[in-house]
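**Student:** Okay, structure incoming, though there's no sequence with it:
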Ligand SMILES: Nc1ncnc2c1ncn2[C@@H]1O[C@H](COP(=O)(O)OP(=O)(O)OP(=O)(O)O)[C@@H](O)[C@H]1O
């Protein structure tokens, strides 16, 4: 859906993004992660032309993005950022309806869409007439995401969208994003510097350093087959998350109704032990049986990472 070929961006003669090749597949949740100043935000903003690339090509839906009118391009791509950027003198509903308004949707369609989005993001209907300063930080972030989703964009770009939130609200919003992604199948590109957030959300992780992509792939690949010491060290720092896995077990995290003909693990196995087994077996699915040996379901690597929050 989005393809970077040898893309570079220079600020004052220095490469912020250095000849990157990146493929963002339709319907995937892609997370850009890396050290501070590695070029994540610049990469994201080049997609909707908030920053213009200097070299290489970026294709969206098969066409170079320079061939699109920037405003038209941005309407096809929702954008949510850490500082939220809600209009302070507009009510929640007016903020959410920003793009539908630009697109001149009929009133009834706008109202129906606002209700749908409030429900999707677990925001109460009676918040519609409030102003941003009358909302909590978490509610503001949700409104920001609702606004980005309003006109049903093909792509959702998110730059540290949960950065300023407490861990509980942040975890809740991550779960919302996963649900929205599952329901809508929308292409999402999210920037974070939080390893656990990346592991929780991503189908595809893109790890950047110094304007370059060091490794990209599924979370399990980066953890189990790091391309070099940088990748190993980078993910090594998320040990706290691994320790928290000790609190959950395979039985409660397994997906019911699924089965695999492989040696099953016991439901009582901790998710931390299960993590070791995923790595040892080089797999991302493990069948789980109960204490009597009856099949319970299948534990997916990604579910295990998500469960850690509930542990
Ligand atoms: N508008 C700008 N003018 C000059 N330099 C810039 C500009 N925007 C970014 N840079 C530089 O480009 C490099 C990459 O910045 P970018 O914001 O893309 O990194 P990042 O990975 O998102 O960082 P962080 O995690 O700290 O937000 C940095 O060295 C930064 O200082």
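**Tutor:** Arrived safely. Since the structure is predicted, the reported quantities are computational estimates derived from the model, not experimental observations. Numbers count the residues shown, from 1 in each chain.
**Student:** need the residues of the stretch 51-200 of the chain near the ligand, please.
**Tutor:** Contact residues, the stretch 51-200 of the chain versus the ligand (C-beta under 6 Å from any ligand atom): residue 193. C-beta coordinates here come from the backbone N, C-alpha and C atoms, glycine included.
**Student:** For whichever residue of the stretch 151-300 of the chain sits closest to the ligand, list the residues it contacts.
**Tutor:** Minimum separation of the stretch 151-300 of the chain from the ligand (C-beta to the nearest ligand atom) falls at residue 193, amounting to 5.0 Å. By C-beta atoms under 8 Å, 6 or more residues apart in numbering, the contact set of residue 193 is 33-36, 40, 160.
**Student:** Wasn't it part of a helix?
**Tutor:** No: checked against DSSP: H, G, I helix; E, B strand; the rest coil, residue 193 lies outside a helix; its state is coil.
**Student:** Start from the N-terminal end of the stretch 101-250 of the chain and give the helices.
**Tutor:** For the stretch 101-250 of the chain, the helices defined by DSSP state H, counting those that start in this stretch cover 107-120, 137-149, 167-184, 195-201, 219-224, 229-236, 239-244, 250-253.
**Student:** Just want the angle from the first one to helix 137-149.
**Tutor:** So that's helix 107-120. Between helix 107-120 and helix 137-149, the angle formed by their directions is 140 degrees, by axes from the mean of the first three to the mean of the last three C-alpha atoms, to 10 degrees.
**Student:** before we move on, back to that, got CSV for the contacts of residue 193, with pLDDT, distance to residue 19 and secondary structure too?
**Tutor:** Shown next, in CSV, are the contacts of residue 193 (pLDDT from 0 to 100; distance: C-beta to C-beta, whole Å; DSSP: H, G, I helix; E, B strand; the rest coil):
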residue, pLDDT, distance to residue 19, secondary structure
33, 96, 19, strand
34, 93, 16, strand
35, 89, 18, coil
36, 89, 21, coil
40, 96, 16, helix
160, 89, 25, coil
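**Student:** so which two of these are the farthest from each other?
**Tutor:** 35 and 160 (14.2 Å; C-beta to C-beta).
**Student:** So those two - more neighbours on which side?
**Tutor:** Neighbour comparison, residue 35 and residue 160: the larger count goes to residue 160, with 19 against 15 (by other C-beta atoms under 10 Å).
**Student:** Tell me which residues touch the closest residue to that one other than its chain neighbours, please.
**Tutor:** Once flanking residues are discounted, residue 160 sits nearest to residue 82: 4.1 Å by C-beta to C-beta, 6 or more residues apart in numbering. Shown in contact with residue 82 (C-beta under 8 Å, 6+ apart): 159-164.
**Student:** Wasn't residue 286 part of a helix?
**Tutor:** No: under the criterion used here (three-state DSSP), residue 286 is strand, not part of a helix.
**Student:** what residues are up against it?
**Tutor:** 250, 260, 262, 264-265, 274, 277-278, 298-299.
**Student:** what bridges to it?
**Tutor:** residue 299 (DSSP bridges).
**Student:** what number of residues lie near residue 28?
**Tutor:** 18.
**Student:** Same check on residue 96?
**Tutor:** The burial count for residue 96: 29, using other C-beta under 10 Å.
**Student:** And for residue 166?
**Tutor:** Residue neighbour count, defined by other C-beta under 10 Å, stands at 11 for residue 166.
**Student:** which of the contacts of residue 286 tops the neighbour count?
**Tutor:** residue 299 (31 neighbours).
**Student:** Could you spell out which stretches of the protein belong to which domain?
**Tutor:** Per automatic domain parsing, the structural domains of the chain span 2-215, 241-310.
**Student:** weakest of those in terms of mean pLDDT?
**Tutor:** For the domains of the chain, the weakest mean pLDDT is recorded on domain 241-310, namely a mean of 84.
**Student:** Run the chain-centre distance for that domain.
**Tutor:** Between the centre of domain 241-310 and the centre of its chain there are 23 Å (C-alpha atoms, centre = their mean, to the nearest Å).
**Student:** repeat for stretch 20-28
**Tutor:** 13 Å.
**Student:** Ok, stretch 72-80 next?
**Tutor:** On C-alpha atoms, centre = their mean, the centre of stretch 72-80 falls 16 Å from the chain's centre.
**Student:** residues of that stretch that come out buried?
**Tutor:** 73-80 (16 or more other C-beta atoms under 10 Å).
**Student:** can I assume residue 270 is in contact with residue 245?
**Tutor:** Yes: counting by C-beta atoms under 8 Å, residue 245 is a contact partner of residue 270 at 6.7 Å.
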